[in-house]
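**Student:** Quick one: sequence and predicted model below, then my questions.
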Amino acid sequence: MSNTQEYIDEYKKAIFRQGSQELLEWMKNTDFFSAPASSKFHSAYEGGLCDHSLNVYKAMINRYNNGAPDESMAICALLHDLCKAQFYKINYRNVKDDETGKWEKVQYYTIDDKFPYGHGEKSVFLIERFMKLKIDEAVAIRWHMGGFDEAVKGGSFSASSAYEKYPLAVMLHISDIEATYLIEGVQRK
């Protein structure tokens, strides 16, 4: 289960921008705190999105701010994957138990994107419905996926330009990679 209260405490401790409390209330009315961070890779369990966001935040402030809260870092890390709220749905499939030979109904996550707006772009859009982002925060959240972003895979050099101009974007990307691969450990299936 997720660390919902820890997330909320960190959020309230670091984020004071106008509209931030309204955004948090909106998040509480979505599945943000119970959603997985992915369908089958990192933190693919109930509450994984909350846990992943906390891991990114801790990695970011520990690496770049001596563990001290910072509003821009908190906004970027805690909200970078807001696009995943109301994004997954639970499905079931039958899987044969290797030991018993019996078939069991097993839960898994599928993607049900009702608002296909892009990954980072969608997070920026959702955040800005409630509070204004600084340019470096918006750019960092937009490009936090780095080379995994569909635009980069398609040949765009915008992520590279973003990293050259905005150190916060590099910090968020590195912290996201650290949380995903080193703290959480990606499952390969």
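**Tutor:** Looks like it came in fine. Residues are numbered from 1 along each chain as shown.
**Student:** Count residues in the vicinity of Gly118, would you?
**Tutor:** For Gly118, the neighbour count with other Cβ atoms under 10 Å is 16. C-beta: built from backbone N, CA, C; applies to glycine.
**Student:** separation between it and Phe41?
**Tutor:** Distance, Gly118 to Phe41, by Cβ to Cβ, to the nearest Å: 19 Å.
**Student:** what does Ala14 give?
**Tutor:** 27 Å.
**Student:** Now for the closest residue to Phe33 other than its chain neighbours: which residues touch it?
**Tutor:** Counting by Cβ to Cβ, 6 or more residues apart in numbering, Thr4 is the residue found nearest to Phe33 once chain neighbours are left out, at 4.4 Å. Counting by Cβ atoms under 8 Å, 6 or more residues apart in numbering, Thr4 touches 33, 47, 50.
**Student:** Pick out the lowest-pLDDT one from the residues you listed.
**Tutor:** Ranked by pLDDT, the contacts of Thr4 bottom out at Gly47 (92).
**Student:** ok, that residue touching Phe32?
**Tutor:** No - applying Cβ atoms under 8 Å, one finds Gly47 not in contact with Phe32, separated by 9.8 Å.
**Student:** So which of the two has more stuff around it?
**Tutor:** Neighbour comparison, Gly47 and Phe32: the larger count goes to Phe32, with 24 against 20 (by other Cβ under 10 Å).
**Student:** Count the neighbours of the spatially closest residue to that one that is not a sequence neighbour for me.
**Tutor:** In space, and not counting its chain neighbours, Phe32 is closest to Ala85: 4.2 Å by Cβ to Cβ, 6+ apart. Residues near Ala85, counting by other Cβ under 10 Å, number 20.
**Student:** Now do the contacts for Ala85.
**Tutor:** 27, 30-32, 35, 49, 126.
**Student:** just to revisit the earlier point, so Ala14 and Phe41 - more neighbours on which side?
**Tutor:** Set side by side, Ala14 and Phe41 show more neighbours around Ala14, with 20 against 17, by other Cβ under 10 Å.
**Student:** Now that one: phi and psi?
**Tutor:** Backbone torsions of Ala14, given as degrees, to the nearest 10, read phi -110, psi -20.
**Student:** ok, it touching Ala74?
**Tutor:** Yes - applying Cβ under 8 Å, one finds Ala14 in contact with Ala74, separated by 3.6 Å.
**Student:** any idea whether Val106 is helix, strand or coil?
**Tutor:** Reduced to three states with DSSP: H, G, I helix; E, B strand; the rest coil, the structure at Val106 is strand.
**Student:** How far does stretch 91-108 sit from its chain's centre?
**Tutor:** Relative to the centre of its chain, stretch 91-108 is centred 29 Å away, using Cα atoms, centre = their mean, to the nearest Å.
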